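Novice: Build me a model from this:
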Amino acid sequence: MRFDVLTVFPDMLEAALGYGVVGRAREQGLIEFRAWDLRDFAEGSYRQVDDTPYGGGGGMVMKPEPLVRAIEAISGDRAPRRIFMTPQGSRFDQRQAEELAEKARPLLFICGRYEGVDERVREEFIDEEISVGDYVLTGGELPALAVIDAVSRLLPGVLGNEDSAANDSFTTGLLDCPHYTRPPEFRGKRVPDVLLSGDHEAIRRWRREEALKRTQARRSDLLEQAELSEADRRLLER
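Specialist: Numbering: from 1, shown residues only. All right, here's what the predicted structure looks like:
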């Protein structure tokens, strides 16, 4: 799968995507990534990409000419899904990450800065707007990295163990259960006996119950949409 990001800070993205799971996936050719410098598509000796807003007000607005030149040049004949990272977009979640991964269509992220982009770009050259939360950052680069990371780990072969993604928080509609590793006792705290029992059915039940309890305690809103069995509901009632 291919990811392109249009930004005024390409080095910022290259550094972040060179490590860990995503970095290995790039080395193995499972994903392709390129950060494009918006200033390469600007004209004039200053390569200006922003200007003052019509009507006055603080801040600067990203100009349409370099943005459109870049979007058209990067898109070429690949027809990527053009995504603008903005607090005004739909809130990104695990379901959307799964949808983007399943379609495996090339993704082009447009990272805004300053007060945003000229509205004519949004109207004609953007397919979708995505937000990573109800807060404002200085630019779209960090949100784009978050989406790329979330989508990449769902692609075949990226994770060493495919079950890792299948049991993640939100994938089943619930938060994930607690996890433990060696040693069996640490500073007086023991690993639950069931996890040491070797009884796989008992372990499965324990993990489901703990996921339900954790979701009820921390994100009870998720239970409204989760697929719950009668046993799940009885446990929650208790």
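Novice: how long is stretch 146-161 end to end?
Specialist: End-to-end distance of stretch 146-161 (Cα to Cα, to the nearest Å): 21 Å.
Novice: for stretch 191-200, same thing?
Specialist: Start-to-end span of stretch 191-200 (Cα to Cα) is 16 Å.
Novice: what sits up against that stretch?
Specialist: 180, 184-185, 202-203, 206 (Cβ atoms under 8 Å, 6 or more residues apart in numbering). Backbone N, C-alpha and C define where each C-beta goes, glycine included.
Novice: Report the mean confidence score over stretch 50-64.
Specialist: Averaging pLDDT along stretch 50-64 gives 95.
Novice: How far away from the center of its chain is that stretch?
Specialist: Taking the mean of its C-alpha atoms, stretch 50-64 sits 29 Å from the chain's own mean (Cα atoms, centre = their mean, to the nearest Å).
Novice: moving C-terminal of the helix ranked longest in the chain, what's the next helix or strand?
Specialist: Across the chain, the helix with the greatest residue count (assigned by DSSP state H) is helix 200-218. Once helix 200-218 ends, the next helix or strand along the chain (criterion: DSSP states H and E) is helix 230-237.
Novice: ok, the nearest residue to Val132 once chain neighbours are set aside to Asp11 distance?
Specialist: Ranked by Cβ to Cβ, 6 or more residues apart in numbering and with sequence neighbours excluded, the top spatial neighbour of Val132 is Pro143, at 4.3 Å. Noted for Pro143: a distance of 18 Å to Asp11, by Cβ to Cβ, to the nearest Å.
Novice: swap in Ser197?
Specialist: As judged by Cβ to Cβ, Ser197 and Asp11 stand 51 Å apart.
Novice: One more: Gly20?
Specialist: Gly20 is 18 Å from Asp11, by Cβ to Cβ.
Novice: can you check Val136 too?
Specialist: Applying Cβ to Cβ, the value for Val136 to Asp11 is 23 Å.
Novice: Quick check: next helix or strand after the one helix or strand in the chain whose mean pLDDT sits lowest?
Specialist: Ranked by mean pLDDT, DSSP states H and E, the weakest helix or strand in the chain is helix 163-166, scoring a mean of 68. Counting by DSSP H and E, the next helix or strand C-terminal to helix 163-166 is strand 185-186.
Novice: Neighbouring strands - and their directions - for that following strand?
Specialist: Strands that pair with strand 185-186, judged by DSSP bridges, come out as strand 189-190 (antiparallel).
Novice: For the partner strand, the averaged confidence score.
Specialist: Confidence for strand 189-190, expressed as mean pLDDT, is 97.
Novice: Distance from it to the middle of the chain?
Specialist: The answer for strand 189-190 is 34 Å, by Cα atoms, centre = their mean.
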